[in-house]
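S.K.: Have a look at this prediction, sequence included:
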Amino acid sequence: MVKNIYSVLGILILMAAFLIGCQPKEITSAKVYKQQNDWDNAIVQLENAVKLYPTNAEAHFLLGEAYGEKKRWTDMSKEFDESLKISSAHETDIKYYRDKYWVENFNKGVELFNKDELEKSAEHLNTAIIIDPSRAESYRNLAVTNVRLDKMDEAIKAYQQAIAADESHIETINNMGLTYFQMNKFEDAIETFKKVLAVDAANEKAISTVAFAYDRLGQTDKAIAAYEDALKNDPDNADLLFNYARLFYQKEDYNKAISILEKVVENNPDDYESLLSVGDSYLRIAESFKTDANKIDSDGGSVTKIEELRGLAKESYEKAIKYLEHAFGIKDDVPTIWHNLGVAYINAGRVEEGTKAFEKAEALKKQ
């Protein structure tokens, strides 16, 4: 009985030895070179091994490992992929090496970005992508780096790849939309932000940029509707209000423009552009009243109506003065403001002030 047990053990030992002996000699030699840290000779042996035994998962894995030691990232990734196609036996080790090298290159890319060494940052982030193409973070950071490098087409490509890797990351889609906007590709920006709004209907960045994009495309009615949607979420946003008002100014609906811009000035009394725009809007309203009064006068029309219109014109000129004076109190070297003030002063009956304002405008033009 004991004799039989030893016989069985002997068979098992022989079988184990036989199985080890089945390992290709190229792999055996490569492992010896690996232990000696001689990666060049290990690669020679393993390249022969994958040619002779193309379905040997271990040969592909070991060759990928050796390529990684030599920083041959594309070759490494290819061999790891080949190994996994054949078998999952080395999946854990492959993940270890991918993670190790990915972290090293990704972190280096971020470090260089923060040092404003953008070209070098992009190199390391591209390497991280080669090592592990499934990690969305690499594409996101590469996209931002390319934007900073003014490589906008490459940035868009990186954003698209990031979204393909992780389509749930709303900020990435938002950033791609903003990049399209920077590129003046407003229709692409709108379509991109629509994808954001399909998931997050209250996303303020998407809503406001869609409004700006329609505005830049000259699609006024769509822009107005988009600004109104944006202002529901951010009613005191000065940029949204100013651009919303500007659309009504362009449509010559000056009263509507004023009602919007006065809200901007109420929140920020020294908003220079808004002060000028309100002043100019009141001037245009005043000129319209004055033109209508003169036309009725030339046609021999109602004196009462003429006086009414001229009274409304004078009232509007006075309102324009209020905002224009505030504006030149912030910046007093712009000839246009002084000229407009001159017009308002004269028509409001403040002739001496009007004359001085015109003189100031002419002096500034000559400087």
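M.R.: Good, I have the coordinates. Residues are numbered from 1 along each chain as shown.
S.K.: which stretches of the stretch 151-300 of the chain form helices?
M.R.: 152-165, 170-182, 186-199, 204-216, 220-233, 238-250, 254-267, 272-298 (DSSP state H, counting those that start in this stretch).
S.K.: Contact partners for the residue nearest to the spatial centre of the chain?
M.R.: Closest to where the C-alpha atoms of the chain average out (C-alpha atoms, centre = their mean) is Asn175, at 3.0 Å. Listed by C-beta atoms under 8 Å, 6 or more residues apart in numbering, the contact partners of Asn175 are Arg140, Ala143, Val144, Tyr159. Backbone N, C-alpha and C define where each C-beta goes, glycine included.
S.K.: could you redo the last one with a cut-off of 10 Å?
M.R.: Arg140, Ala143, Val144, Val147, Ala155, Tyr159, Ala162, His169, Thr192, Lys205 (C-beta atoms under 10 Å, 6 or more residues apart in numbering).
S.K.: picking that back up, can you add mean pLDDT and give the helices of the stretch 151-300 of the chain back as a markdown table?
M.R.: Output for the helices of the stretch 151-300 of the chain, formatted as a markdown table (pLDDT from 0 to 100):
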| stretch | mean pLDDT |
| --- | --- |
| helix 152-165 | 97 |
| helix 170-182 | 96 |
| helix 186-199 | 95 |
| helix 204-216 | 91 |
| helix 220-233 | 90 |
| helix 238-250 | 91 |
| helix 254-267 | 94 |
| helix 272-298 | 94 |
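S.K.: Need the winner for burial among these.
M.R.: For the helices of the stretch 151-300 of the chain, average neighbour numbers computed from mean count of other C-beta atoms under 10 Å are highest in helix 204-216, which has a mean of 22.
S.K.: roughly how far is that helix from the heart of the chain?
M.R.: Chain-centre distance of helix 204-216: 13 Å, with C-alpha atoms, centre = their mean, to the nearest Å.
S.K.: Count the residues that sit near Glu352.
M.R.: 9 (other C-beta atoms under 10 Å).
S.K.: got it, and the one 4 residues further on?
M.R.: The local packing count at Lys356 equals 15, with neighbours defined by other C-beta under 10 Å.
S.K.: Check the offset of the strand or helix carrying it from the chain's centre.
M.R.: Using DSSP states H and E, Lys356 falls within helix 351-366. In this view, helix 351-366 has its centroid 46 Å away from the chain centroid, taken as C-alpha atoms, centre = their mean.
S.K.: Likewise for stretch 298-312?
M.R.: Computed by C-alpha atoms, centre = their mean, the chain-centroid distance of stretch 298-312 equals 56 Å.
S.K.: How about stretch 37-50?
M.R.: 45 Å.
S.K.: Please point out which parts of that stretch sit buried.
M.R.: Trp39, Ala42, Ile43, Val44, Gln45, Leu46, Glu47, Asn48, Ala49, Val50 (16 or more other C-beta atoms under 10 Å).
S.K.: can you list the residues that contact stretch 67-79?
M.R.: 34, 37, 39-40, 42-43, 46-47, 50, 59-66, 80, 94, 97-98, 100-102, 105, 126-133.
S.K.: Select only the buried ones of those residues in PyMOL?
M.R.: Restricted to buried positions by 16+ other C-beta under 10 Å, the PyMOL selection for the contacts of stretch 67-79 reads:
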select buried, resi 34+39+42+43+46+47+50+59+60+61+62+63+64+65+66+80+94+97+98+101+102+105+126+127+128+129+130+131+132
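S.K.: now, which of the contacts of stretch 67-79 lie within helices?
M.R.: Judged by DSSP state H, the contacts of stretch 67-79 include 34, 39-40, 42-43, 46-47, 50, 59-66, 80, 94, 97-98, 100-102, 105, 126-131 as members of helices.
S.K.: Val303: which of the contacts of Asn175 is nearest?
M.R.: Of all these, Val303 sits closest to Lys205, with 56.9 Å by C-beta to C-beta.
S.K.: Check the gap between that closest one and Lys71 for me.
M.R.: 40 Å (C-beta to C-beta, to the nearest Å).
S.K.: what's the answer for Ile330, then?
M.R.: 59 Å.
S.K.: Kindly report the same for Met152.
M.R.: With C-beta to C-beta as the criterion, Met152 and Lys71 are 30 Å apart.
S.K.: likewise Asp40?
M.R.: 13 Å.
S.K.: Tyr53 too?
M.R.: 26 Å.
S.K.: okay, those two: which has more neighbours?
M.R.: Higher neighbour count among Tyr53 and Lys71: Tyr53, with 15 against 11, using other C-beta under 10 Å.
S.K.: Let me see the backbone angles for the more buried one.
M.R.: With angles defined as degrees, to the nearest 10, Tyr53 sits at phi -130, psi 70.
S.K.: Surely it and Ala59 touch.
M.R.: Yes. In this structure, Tyr53 is within contact of Ala59 by C-beta atoms under 10 Å, at 5.7 Å.
S.K.: any common contacting residues for the two?
M.R.: Pro24, Glu26, Ile27.
S.K.: what number of residues lie near the first one?
M.R.: When you say that, I think you mean Pro24. With other C-beta under 10 Å as criterion, Pro24 counts 17.
S.K.: ditto for the last one
M.R.: A total of 21 residues lie near Ile27 under the criterion other C-beta under 10 Å.
S.K.: who's in contact with it?
M.R.: Ala42, Gln45, Leu46, Asn48, Ala49, Val50, Tyr53, Asn56, Glu58, Ala59, Leu62, Leu63.
S.K.: Then the first one?
M.R.: Under the criterion of C-beta under 10 Å, 6+ apart, the contact partners of Pro24 comprise Ala30, Gln45, Leu46, Asn48, Ala49, Leu52, Tyr53, Asn56, Glu58, Ala59.
S.K.: what does the domain assignment say about this structure?
M.R.: Listed by automatic domain parsing, the domain ranges of the chain are 1-89, 257-367.
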